[in-house]
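[1] structure for this input, please:
(2 chains)
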Amino acid sequence: MKLFEKLKYISLSSRVSILLGIIILITMGVFTIFSLFKQEDASIDSICDNSKQLSLTTERILRFSMLKNRRDELSMAVNNIVGKEGIIAVRILNHKGLIKFSSHPWEINKHISQTSPEGTETSQLCESCHKNKDNKLEFDIKNFDRYRIIKEDNLIYNCQPIYNAPSCYTEACHSTYEDSVNKDIKYLKTKLTNLQGHDSSQTILGFIEIEISTKRVNANLEKTRTQLILFTIIFALIASIITYFSIKHLIGKPIKNLVDGTKRVAEGNFKHEIPPGKAELKLLSESFNKMQKQLLTTQNQLIESEKLASIGKLAEEIANEINNPLTGIIIHSESLIEESNLDGSNKNDYEIIRHEALKIRESIRNILTFAGGNKPDLKISVIDDIINHAITVVKKFSNFQNIKIISEIPRMLPNAFIDPALLEQVFLNLLLISSEFMPAGGILNIAASFFDDKNEIEIVFSDTGKGIPENILQKIFNPVNSSDLENFEKTELSLAVCKEIIEMNKGILSITSNESGTSVTIILRA
Amino acid sequence: MKLLIKILAIDKEEIILKSIKRALNSNDKEDYLITTCDTALEGLKLIRSDAFDLILLDMFLPGISGNELLRRIRNTYPEIPIIIMSGYSPKGIYEYEKRISLSDSLNSATGYLLKPFTTEEIRSKIHGVLKSSLDS
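    Got it, this is the predicted structure:
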């Protein structure tokens, strides 16, 4: 686990190359072990096959020498075989397991169990040929196991049966007299010289056992195993090194560029583009550069809005400073106008002072309405809630004591994408303006409707006031000249400001007026 | 016969107090007796010592703010009409209107007068406020 913990801190290319090396080592190791096992089996099979052929040939060659009981010939033939192809010994046994002939003379007349490696049970040895059927050991010619493989001692024993043949029991065999004339005499002589013939009922007369050493083959296998392991390690190492440098070049470098870019962005530098990579990395670098540009734009916008907000704050402070002396100028000029009825030229001068002071006042109000901080915060809003709230607010004002407010807002009016605070401000001021036009009371009607085809909400404020004369109505949205409208607008926010706010909310504000009342129509996007 | 209306104007700016006096003194309809002061504490003292028909109150006063003074006056004299004077600020107006709608009307001002104001505006505002307070 500690190794894995440490792996977290090394580079991606190193991690991938180490991982690849481990994978190659494991897969090739498994493959090597599997193939070595197969190879070992194949080698043993091959040795067995070769020894079988050899034993068959040997049996044929030796049969004649055995018939004639020519031990010298046997020895010569056997000695020729022994020592070649890993053959350690050749033995001829009778069916009871007694060694009748061996390339190792000291084994003659010993039982086979005495020459086998230590720990080999005699019963096992016998049962390899004689299957135990009904507690009776019988030779199973079809299923007998020709080979005894003892891996621990690197030995293979090949057992070739010597089948009984007519020549073995009918011919005058085992005789040293080749020029015998009479078969009967020969037979008798054979009997006399204690050289036994074989019983015709016997199937197997004995065995030729060839003892083969697999040491050389095993040594070769060991050598191959070492070579394969070495090859696997070298291959894994080379693959890891190639992978390391490839990843470092193809992935590591672009990632480093990306990391450097991210660091620069974190430090506030959005202007450095990272070089384009290839394939997916190209997409990544393009996305990164795009993100950087967007961040730069957003940052600029933020700076801009902060600037605007501070300008707004500054303007508000300046305006407050100006407001007091401006009040003095307006009031005193107006007093002078009232007092200087007789002197026409002076009165005109005072009128100019007052007029210009009112222009400054209007300019300040316009600046404060739109300078920073008052940007619309557009969100999905419930229009009828805003209207109802505005109505609740104005009902508390004394102006509304004699005004009847009729609200015709459908229940299912869709929501609009607007700034609710600014909209409420507009509604409040439209209601207040209406009340100014109905000093003696009247009816204020608020109607809202939704136009599905245009996806628009229309809100109409109509009153039964005295109306606005045509010449004033034309100038009503022009703030510079609004001092001319003072007899018609004594409210805090002018209609011009209301119009500006509605337009900031992507809406339209229009006004119609006649002697029987005024209607203000607001159209908003649903 | 002219009505004598006692008004208390509280503003830190002398020019505003002078202008109020100037605007209201040359009136044919009403006679105004205008008392002025430039701090909230002085204003409170005057209110306790005299009975005013109307108070003109600036929002930004040194020491105790206009809002705090308004609350204190309302606690003692809930019926007295108070007109708040303040510079134009769309947010300020919006918040003022919200406060009227949300809080108890006894704790809020009776009217709102924007600076800079004209003679006509201050007269009409005072007239309107007094009329509605008399009506109610």
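[2] okay, how far is it across stretch A:144-162, tip to tip?
    Distance between the boundary residues of stretch A:144-162 (C-alpha to C-alpha, to the nearest Å) amounts to 14 Å.
[3] gap between it and the chain center?
    58 Å (C-alpha atoms, centre = their mean, to the nearest Å).
[4] need the residues that contact that stretch.
    A:44, A:47-48, A:51-52, A:54-56, A:58-59, A:63, A:66, A:88, A:92, A:116-117, A:120, A:128-129, A:131, A:141, A:204-215, A:218 (C-beta atoms under 8 Å, 6 or more residues apart in numbering or on different chains). In short, each C-beta sits where N, CA and C put it, glycine included.
[5] same deal with stretch A:512-526?
    A:383, A:414-418, A:426, A:430, A:434, A:437, A:442, A:450, A:455-468, A:473, A:495, A:498, A:502, A:505-511.
[6] out of those, which are inside strands?
    A:416-418, A:442, A:450, A:456-463, A:508-511 (DSSP state E).
[7] which element is the one residue in the stretch 151-300 of chain A that gets nearest to chain B on?
    The stretch 151-300 of chain A approaches chain B most closely through A:Thr298 (25.0 Å), counting by C-beta to the nearest C-beta. Assessed by DSSP states H and E, A:Thr298 sits inside helix A:279-339.
[8] what helices or strands is the next helix or strand after that helix leaning on?
    Under the assignment DSSP H and E, the closest C-terminal helix or strand after helix A:279-339 is helix A:344-370. Judged by 3 or more C-beta pairs under 8 Å, 6 or more residues apart in numbering or on different chains; DSSP states H and E, helix A:344-370 is in contact with helix A:279-339, helix A:495-504.
[9] rounded mean pLDDT for helix A:344-370, please.
    Per-residue pLDDT over helix A:344-370 has a mean of 82.
[10] next one: stretch A:93-103
    For stretch A:93-103, the mean per-residue pLDDT is 82.
[11] next: stretch B:114-125.
    On average, stretch B:114-125 scores 88.
[12] now do the same end-to-end measure for that stretch.
    End residues of stretch B:114-125 are separated by 10 Å (C-alpha to C-alpha).
[13] tell me the centre residue of chain A?
    Residue closest to the average C-alpha location in chain A (C-alpha atoms, centre = their mean): A:Glu280, at 14.0 Å.
[14] picking that back up, what's the angle from the helix holding A:Thr298 to helix A:344-370?
    160 degrees (axes from the mean of the first three to the mean of the last three C-alpha atoms, to 10 degrees).
[15] quick check: next helix or strand after the helix or strand bottoming out on mean pLDDT in chain B?
    Scoring the helices and strands of chain B by mean pLDDT, DSSP states H and E places helix B:90-102 at the bottom, with a mean of 56. For helix B:90-102, the following helix or strand on the C-terminal side (DSSP H and E) is strand B:111-115.
[16] tell me what that next one is packed against?
    Counting by 3+ C-beta pairs under 8 Å, 6+ apart, strand B:111-115 packs on helix A:279-339, strand B:82-87, helix B:119-135.
[17] in the stretch 401-526 of chain A, which residue sits nearest chain B?
    A:Gln425 (5.0 Å).
[18] need the pLDDT of that residue.
    Value for A:Gln425, per-residue pLDDT: 79.
[19] cool, B:Ile34 as well?
    Taking B:Ile34 on its own, its pLDDT is 93.
[20] is any residue of the helix or strand where it lies near chain A?
    Here B:Ile34 sits within strand B:30-37, counting by DSSP H and E. No - taking C-beta under 8 Å from any C-beta of the partner chain as the criterion, strand B:30-37 and chain A are apart, separated by no less than 12.9 Å.
[21] tell me what angle the helix holding A:Thr298 forms with strand B:82-87.
    Using the same axes, to 10 degrees: helix A:279-339 against strand B:82-87 is 120 degrees.
[22] so which other helices or strands are in contact with helix A:279-339?
    helix A:253-266, helix A:344-370, helix B:14-25, strand B:82-87, strand B:111-115, helix B:119-135.
[23] okay, those in a markdown table with mean neighbour count and distance to A:Ile303 next?
    Formatted as a markdown table, the helices and strands packed on helix A:279-339 follow (neighbours: other C-beta atoms under 10 Å in any protein chain shown; distance: least, C-beta to C-beta, whole Å):
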| stretch | mean neighbour count | distance to A:Ile303 |
| --- | --- | --- |
| helix A:253-266 | 15 | 16 |
| helix A:344-370 | 17 | 19 |
| helix B:14-25 | 20 | 38 |
| strand B:82-87 | 22 | 28 |
| strand B:111-115 | 22 | 33 |
| helix B:119-135 | 17 | 40 |
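[24] could I get these as TSV with distance to A:Pro276?
    What follows is the helices and strands packed on helix A:279-339, written out as TSV (distance: least, C-beta to C-beta, whole Å):
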stretch	distance to A:Pro276
helix A:253-266	9
helix A:344-370	43
helix B:14-25	66
strand B:82-87	56
strand B:111-115	59
helix B:119-135	66
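[25] how near is the residue most central in space within chain B to B:Ile10?
    By C-alpha atoms, centre = their mean, chain B has its centre lying nearest to B:Leu56, at 1.9 Å. Look at B:Leu56 and B:Ile10: by C-beta to C-beta, to the nearest Å, they are 7 Å apart.
[26] ok, now which ones touch the closest residue to chain A within chain B?
    Using C-beta to the nearest C-beta, the closest approach of chain B to chain A is made by B:Ser132 at 2.9 Å. Neighbouring residues of B:Ser132 by C-beta under 8 Å, 6+ apart: A:398-399, A:401, B:110.
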